[in-house]
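> just to be clear, the model below is a prediction. Sequence and coordinates:
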Amino acid sequence: MNKRQKISGPEAVAIARSAFSTGRTKDINFRIKQLKNLLRMYEENIDEILQALRKDMRKSRLEGYLYEVCYMIYDVRETLKNIHKYSKTRWLRKNWLTFADKGKVEKVPYGVVLVVGPWNYPFQLTLVPVCGAIAAGNCVIIKPSEVSNHTCATIAKLIPKYLDNECYQVVQGGPSETEELLKEKFDYIFFTGSVGTGRKIHLAAARHLTPTTLELGGKSPVYMDDSVDFAMAAQRIIWGKCMNMGQTCVAPDYILCTKEVEDKFIRAVKIAMNEWYGDNWQSQLDFSRVINKNHFNRLKAFLSNSGRVAVGGGHDENDLWIDPTVLVDVKPTDPVMQEEIFGPILAIVRCESPIEAIKFINSRGMTPLCLYVFSNDKDIQELFERNVDSGTLAFNETIVQFAIDELPFGGAGESGMGNYHGKYTFETFSRERSSIIRDYSFLADKLGVFRYPPYNDLKINFLSFLLNHWKKFNITYFDYIPYLLCIFFGMLIMYLLH
């Protein structure tokens, strides 16, 4: 396929709108071909993708390969495997009134959709939604984050090489280009990013009544009690917090626990961190860096203005590095509790009971994207499940719920709206359209006269009978005879009266 020169948002939308009007993206064979090309794009450019991630945020080969490339490859393969099932038309059952009709519900694409990606997992969180949008039959405008500029350039370079140049286009640029793009009318918008930008996206979409999926963030709490295996809990929580240098929307943000649990957890964290890398964390190639100096300075301020450092606390501005850190004696009013941390800092807020923890979470006024409960007490698990709303929920684990594509992933309230992953991505980018085909048969026409005025009790009773679905009658085929005779004589009487 030919490369396309860098174009503006309005021009890209116009080209995509024209392409969609041809109907070619609705052809399932066309979609399959594009998905196979997308898969080929991933498989043939693994090193280039990993290089871009390395340049943007020093992302390690393991994190780049497992959490971005592998995830995207698996996503396309599963979509190809199931696309016929996802797209299947559902035929409706009949009733006495519609026995001569054919009713169906089919999955149809929205049209021209916009996918706006973030900088923290810039390939995966941008292109997984694109895969679902292609599978559902849409034309797609892709807006990668300009913050991860090497990734943005790589996406803009590769997409035209592998995908249809008119149906799938990349728009590059910063906030002004995004603002210009959002003035255009889209049929669906999918955004992953911060709550603040999500509000702007939603406001722009409202001008055209455009449906949206917003994958945002927020402070994902962890409740922990003394029934857990602290060694295991420490490893799972610190792993979740350190992945991608804590720049993960589903990372554990703060812990609620008693002083006794806090002490046991801190000891377990120190042991785990020492076993993994001792005092040489910064020198390891396994860790990303903070994305830029603005975010580094924001995180650094938390270390000096919130609570007390119990683990870690070191930092290096020249390397954009912050040690994995645990803060204790954190107050609800501290700066670290006022926004999503989005870095390798874990805050601990003390509470005396699960009830107090639940009240604290609910009092924050923002529904968490994820809720993590570390407890082996089934009653405690059920207590949180019943009384705390969240986008997702995991017991005795962190982050892994995101990787299971049989589970829909999404937020609630200020942490987002809508969901995706696996078949749910396809469903997000398609809508159900119902249709009915009615013939002109004599019997169907005569049954239809009952709906026309003038009305009387006979018509009302007869139509009520006809509207009962066949399957609701617990009778044998022989028992249908009186009802069929009723229909025949009713039709005869109504015909004569008419």
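Thanks, I have the structure now. Numbers count the residues shown, from 1 in each chain.
> measure Ala310 to Asp323 for me?
Separation of Ala310 from Asp323 (Cβ to Cβ, to the nearest Å): 12 Å. Every C-beta, even on glycine, is put in place using the N, C-alpha and C of the backbone.
> what's the overlap in contacts for those two?
When contacts are counted by Cβ atoms under 8 Å, 6 or more residues apart in numbering, the set common to Ala310 and Asp323 is empty.
> quick one: secondary structure of the residue nearest to Ser390 when sequence neighbours are not counted?
Distances taken as Cβ to Cβ, 6 or more residues apart in numbering place Leu371 nearest to Ser390, at 3.8 Å, with adjacent residues excluded. Under DSSP: H, G, I helix; E, B strand; the rest coil, the three-state class of Leu371 is strand.
> wait, doesn't Leu285 sit right on Ser60?
Yes - counting by Cβ atoms under 8 Å, Leu285 touches Ser60, with 5.8 Å between them.
> counting neighbours, go ahead and name the busier of these two.
Each of Leu285 and Ser60 has its neighbours counted (other Cβ atoms under 10 Å); Ser60 has more, 18 against 9.
> distance-wise, check the more buried one relative to Arg54.
The gap separating Ser60 from Arg54 is 8 Å, by Cβ to Cβ.
> before we move on, what about Met337?
In terms of Cβ to Cβ, Met337 sits 33 Å off from Arg54.
> between these two, who's got more neighbours?
With neighbours defined as other Cβ under 10 Å, Met337 and Arg54 compare such that Met337 has more, 20 against 16.
> got the contact list for that one?
219, 254, 306, 330-331, 347, 349.
> can you check Glu339 too?
Glu339 makes contacts with Lys219, as judged by Cβ under 8 Å, 6+ apart.
> now swap in Tyr42 and tell me
49, 69, 72-73, 76.
> which SS class is it?
Assigned with three-state DSSP, Tyr42 falls in the helix class.
> ok, Arg236 next?
Taking three-state DSSP, the label given to Arg236 is helix.
> for it, give its distance to Tyr372.
Per Cβ to Cβ, Arg236 is found 9 Å from Tyr372.
> cool, and Gly307?
20 Å.
> the more surrounded of these two?
Using other Cβ under 10 Å as the criterion, Gly307 and Tyr372 rank with Tyr372 on top: 30 against 21.
> which residues touch that one?
By Cβ under 8 Å, 6+ apart, Tyr372 lies in contact with 220-223, 237, 252, 394-395, 397-398.
> next, give phi and psi for the nearest residue to it once chain neighbours are set aside.
Once flanking residues are discounted, Tyr372 sits nearest to Val222: 4.3 Å by Cβ to Cβ, 6+ apart. Phi and psi for Val222, reported as degrees, to the nearest 10, are phi -120, psi 130.
> so where is this structure shaky, pLDDT-wise?
Within the chain, the set of residues satisfying pLDDT under 70 comprises 1-5, 94-100, 439-448, 450, 458-459, 461-463, 465-498.
> can we see that at 50?
Confidence mapping of the chain against pLDDT under 50 gives the ranges 1-3, 469-477, 479.
> I figured Val140 hits Val130, correct?
Yes - here Val140 reaches Val130: they are 5.5 Å apart, a contact under Cβ under 8 Å.
> any shared contact partners between those two?
115, 168.
> quick one: the strands in the stretch 251-400 of the chain?
Secondary structure of the stretch 251-400 of the chain (DSSP state E, counting those that start in this stretch): strands at 254-257, 308-311, 315-316, 321-322, 325-328, 345-350, 370-374, 392-395.
> just tell me which of those ends up closest to Cys167.
The closest of those to Cys167 is strand 392-395. By Cβ to Cβ, the value is 32.4 Å.
> helix or strand right after the closest one?
Next helix or strand after strand 392-395 toward the C-terminus (DSSP states H and E): helix 400-403.
> what is the burial count for Asn292?
Neighbours of Asn292 under the rule other Cβ under 10 Å: 13.
> quick one: contacts for it?
147, 320.
> looking at the contacts of Tyr42, which is nearest Leu182?
Among these, Met72 lies closest to Leu182 (Cβ to Cβ), at 25.8 Å.
> and the contacts of Met337, which are buried?
By neighbour count, with 16 or more other Cβ atoms under 10 Å, the contacts of Met337 hold 219, 254, 306, 330, 347, 349 as buried.
> correct me, but the last one touches Val328?
Read it as Val349. No - applying Cβ under 8 Å as the test, Val349 and Val328 come out as separate, 9.2 Å apart.
> rewinding a little: now the common contact residues for Arg236 and Tyr372.
397-398.
> count of residues packed around the closest residue to Met41 other than its chain neighbours?
Of all residues not flanking Met41 in the chain, Tyr162 sits nearest, at 4.1 Å (Cβ to Cβ, 6+ apart). When counting by other Cβ under 10 Å, one arrives at 18 neighbours for Tyr162.
> go on, Ser464?
A total of 9 residues lie near Ser464 under the criterion other Cβ under 10 Å.
> next one: it from Asp457, what distance?
Taking Cβ to Cβ, one finds Ser464 at 10 Å from Asp457.
> equivalent analysis for Asp279, please.
Distance, Asp279 to Asp457, by Cβ to Cβ: 89 Å.
> what about these two, which has more around it?
A direct count of neighbours by other Cβ under 10 Å for Asp279 and Asp457 places Asp279 higher, at 10 against 7.
> and the chain, what are its domains?
Per automatic domain parsing, the structural domains of the chain span 9-216+423-432, 221-410, 440-497.
> quick one: the ones you listed as a markdown table, columns for distance to Gly416 too.
Output for the domains of the chain, formatted as a markdown table (distance: least, Cβ to Cβ, whole Å):
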| stretch | distance to Gly416 |
| --- | --- |
| domain 9-216+423-432 | 4 |
| domain 221-410 | 6 |
| domain 440-497 | 38 |
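> ok, Met245 touching Ser288?
Yes - in this structure, Met245 is within contact of Ser288 by Cβ under 8 Å, at 4.2 Å.
> report the contact partners of the residue nearest to Tyr372.
Neighbouring residues of Val222 by Cβ under 8 Å, 6+ apart: 237, 252-256, 372-374, 398.
> same deal with Gly132?
So Gly132 contacts 79, 420, 425-426, 428-429 (Cβ under 8 Å, 6+ apart).
> can you pull out the helices in the stretch 351-498 of the chain?
354-363, 378-387, 400-403, 423-428, 442-448, 457-466, 480-497 (DSSP state H, counting those that start in this stretch).
> ugh, wrong one, I meant the stretch 101-250 of the chain
Assigned by DSSP H, counting those that start in this stretch, the helices in the stretch 101-250 of the chain fall at 124-135, 149-162, 175-181, 195-207, 230-242.
> got the CA coordinates for the first one in CSV?
Read it as helix 124-135. Taking Å, rounded to 0.1, in the frame of the first residue of the first chain, the C-alpha atoms of helix 124-135 are listed here in CSV:
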residue,chain,number,x,y,z
GLN,A,124,-1.3,-1.4,23.1
LEU,A,125,-3.8,1.1,24.4
THR,A,126,-4.0,2.8,21.0
LEU,A,127,-4.1,-0.2,18.7
VAL,A,128,-6.2,-2.7,20.6
PRO,A,129,-9.2,-0.4,20.2
VAL,A,130,-8.3,0.1,16.6
CYS,A,131,-8.4,-3.7,16.0
GLY,A,132,-11.9,-3.9,17.4
ALA,A,133,-13.0,-0.9,15.3
ILE,A,134,-11.7,-2.5,12.1
ALA,A,135,-13.4,-5.8,13.0
